[in-house]
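S.K.: can you look at this prediction? I've put the sequence above it.
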Amino acid sequence: MKRILLINGNRTTEPYPVYPLGMSLVASALRQRGYDCRETDLYYLQETSGGEPFTPLGALITGWEPDLVGLALRNVDNVSWPVPDACTPGYIEAVGHIRRFTKAPLVLGGSALTLFPRRLLEETGADYGIAGEGESAFADLADTLFSGGRPADRIIRADGYLDPGSAGSRDRDPDLARFYLSAGGMLNLQAKRGCPHRCAYCSYPALEGRCYRYRPAANVVDEIESLRDRYGADFYMITDSVFNDAGGHWLETAEELARRGITIPWTCYLRPGRFRDADVALLKRAGLHSVEWGTDCCTDTTLAAMGKDFGWNEVAASHEQFRQQGIYGSHFIMFGGPGETPSTVSKGIANLSSLNQAVVFAGIGIRMFPDTPIVARAVAEGLLEPGADLFEPRFYISPAVDPLWLDSTLKTAFAVRSDRVYGDSTLSEKTRMMHGLGYRGPVWDFLLEERMDRRRRRTR
Ligand code: B12
Ligand code: SF4
């Protein structure tokens, strides 16, 4: 049986280390196609071997002798203005080491590769890149290579989206699951793919498609059950771009969780809107612990300019409705986006201060990605030259605000409350400490002073 080794190349720990879900789905598809597939991970190797991942990786590769290797590239950079931390040097280093240990063909995949396939293939010198969903595409490529064939292009675009039933797996790598549950405080899964919305900055529809593709709710809950029973998950995230869809799949999933009595805590992204109290209560019964609200902007003007179909009133009302049921919320706000002016900045800060028991993370500017609506706006406003290579990070900042003024305004406004976070470089370290102490979840709620009943959630 041919051997395929998959390596997760992501070593980012901000805001916390994340289980390589995409890689495990690809591994599962390869096993179903009859390949002997093993998974490993550079961050896991680094942390379990005392600081340097390539010696244990070398031992694994030379001992197991894979016939084909896949490397998962998740992040391009950390999207932080003004100078984001780039991940490419780490990927180049990883490819260099892998090449020293094996002559097997090397295939890249993952969201970073999907966004910039040609550049990442050139920069790293890997053999092939699969842009898009890797499950079928990698298995097809393996079949081709092992039967002596060659694909027509080194970049394979997996544009034909998977049918919903196959987009999921109950299997995780047991060592990685144990490690990430402890190091990142949770495991993860997807209930559906795609997003039909058109928010100006967002690359998710380009990555996953513009319409929802659902997995059967029972199948999603089987996977959650498996995370709990086989891998000991006592916290998970449903990583859908937006969990609440107009078709009601999110409620079906919650109903199935409640019906089976699966109440382990979880988190997800929700789009602010109008919610029925009964639905919020159902989510609570199904274990929803906290919400990462897809707010992004904090005034009606900037929400509209960003292409959101809700206003500030919906944000405030949704937040309050969930808070009253004991479900806490965080909001990530990008200041300086389309339509921002000094007056929307002041209004936005005032709006944010009206949110009770909310953690607010703020950043400046928008890291632009290909195939997103904001690129055309930036070109039209003369902020970006047409055809610019966005692999080198470029930020959209509204011409009506001075970024240095914005920086100092946010520092002043956010300094007064512990649940308002702007430019705090110590947060990831604090999160790491909390996870090290056995706390689960994204743990930003430790910034909410009234929520210090954490002893109940500690696992060891
Ligand atoms: C959920 C999420 C988070 C959650 C994760 C929580 C958790 N516990 O899992 C949180 C909030 C923590 C988070 C944080 C960050 N995130 Co995030 N996140 C996402 C999101 C919405 C979904 C990721 C996911 O689970 N997808 C589901 C899996 C199944 O998909 P996938 O990984 O892409 O895998 C498929 C393919 O890529 C491919 N594939 C994957 N691996 C491999 C390997 C091989 C060999 C092959 C062939 C194919 C292949 O096949 C898979 C199955 O189809 C994506 C956006 C999106 N819709 O993709 C952003 C995204 C991945 N995040 C991104 C970023 C930047 C970040 C942060 C750096 C932001 C920050 N500054 O904090 C951090 C980094 C965290 C870390 N430690 O790495 C970027 C990455 C690209 C980029 N722009 O650099 C994305 C794409 C969003 C964006 N802005 O464009 N994130
Ligand atoms: S920001 Fe959220 S709702 Fe808007 S396009 Fe992106 S994933 Fe969809």
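M.R.: Arrived safely, thanks for sending. Numbering: from 1, shown residues only. Ligands and ions are numbered 1, 2, ... in the order given.
S.K.: where in the chain is pLDDT low?
M.R.: Segments of the chain classed as low confidence (criterion: pLDDT under 70) are 449-460.
S.K.: rerun that using 50 as the cut-off
M.R.: Low-confidence segments of the chain, defined by pLDDT under 50: 452, 454-456, 459-460.
S.K.: what about G329, which SS state?
M.R.: Under the three-state scheme (DSSP: H, G, I helix; E, B strand; the rest coil), G329 adopts strand.
S.K.: is it true that it touches H319?
M.R.: Yes. Using Cβ atoms under 8 Å, G329 and H319 qualify as a contacting pair, with a distance of 5.1 Å. (Each C-beta comes from the backbone N, C-alpha and C, glycine too.)
S.K.: tell me how far the residue nearest to A139 when sequence neighbours are not counted lies from ligand 2.
M.R.: Taking Cβ to Cβ, 6 or more residues apart in numbering as the measure, A139 lies nearest to R33, with 4.1 Å between them; neighbours along the chain are not counted. Between R33 and ligand 2 the distance, using Cβ to the nearest ligand atom, to the nearest Å, works out to 31 Å.
S.K.: for R33, what are phi and psi?
M.R.: For R33, the backbone dihedrals (degrees, to the nearest 10) come out as phi -80, psi 0.
S.K.: D77 too?
M.R.: D77 adopts backbone torsions of phi -160, psi -180, taken as degrees, to the nearest 10.
S.K.: what's the helix or strand for the residue nearest to it when sequence neighbours are not counted?
M.R.: Take D77 and drop its neighbours on the chain: the residue closest to it by Cβ to Cβ, 6+ apart is P84, 3.9 Å away. With elements taken from DSSP states H and E, nothing contains P84; it lies in neither a helix nor a strand.
S.K.: P84: what's it in contact with?
M.R.: Taking Cβ atoms under 8 Å, 6 or more residues apart in numbering as the definition of contact, the neighbours of P84 are 77-78, 367, 393.
S.K.: list residues touching both of G329 and H319?
M.R.: Common contacts of G329 and H319, defined by Cβ under 8 Å, 6+ apart, comprise 293, 355, 358.
S.K.: let's verify the first one: helix, strand, or coil?
M.R.: Assigned state for W293: strand (three-state reduction, three-state DSSP).
S.K.: spit out the contact partners of it.
M.R.: 269-272, 315, 318-319, 329-331.
S.K.: if I look at the residue nearest to A139, how far off is L141?
M.R.: For R33, the distance to L141 equals 11 Å [Cβ to Cβ, to the nearest Å].
S.K.: likewise A126?
M.R.: Using Cβ to Cβ, A126 is found at 13 Å from L141.
S.K.: can you check which residues contact both of the two?
M.R.: Between them, A126 and L141 share these contacting residues under Cβ under 8 Å, 6+ apart: V107.
S.K.: circling back to that earlier point, tell me how far the residue nearest to D77 lies from ligand 2.
M.R.: Noted for P84: a distance of 19 Å to ligand 2, by Cβ to the nearest ligand atom.
S.K.: dump the residue contacts of L384.
M.R.: Here L384 is in contact with 368, 375, 378, 394, 396 (criterion: Cβ under 8 Å, 6+ apart).
S.K.: what packs against the helix or strand containing the second one?
M.R.: Secondary structure from DSSP H and E places V375 in helix 373-380. In terms of contacts (3 or more Cβ pairs under 8 Å, 6 or more residues apart in numbering; DSSP states H and E), helix 373-380 is packed against strand 395-396.
S.K.: does the strand it packs on reach ligand 1?
M.R.: No. Interface with ligand 1: strand 395-396 contributes nothing (Cβ under 6 Å from any ligand atom), its closest point being 12.5 Å away.
S.K.: partner strands of that strand, with direction?
M.R.: strand 366-367 (antiparallel) (DSSP bridges).
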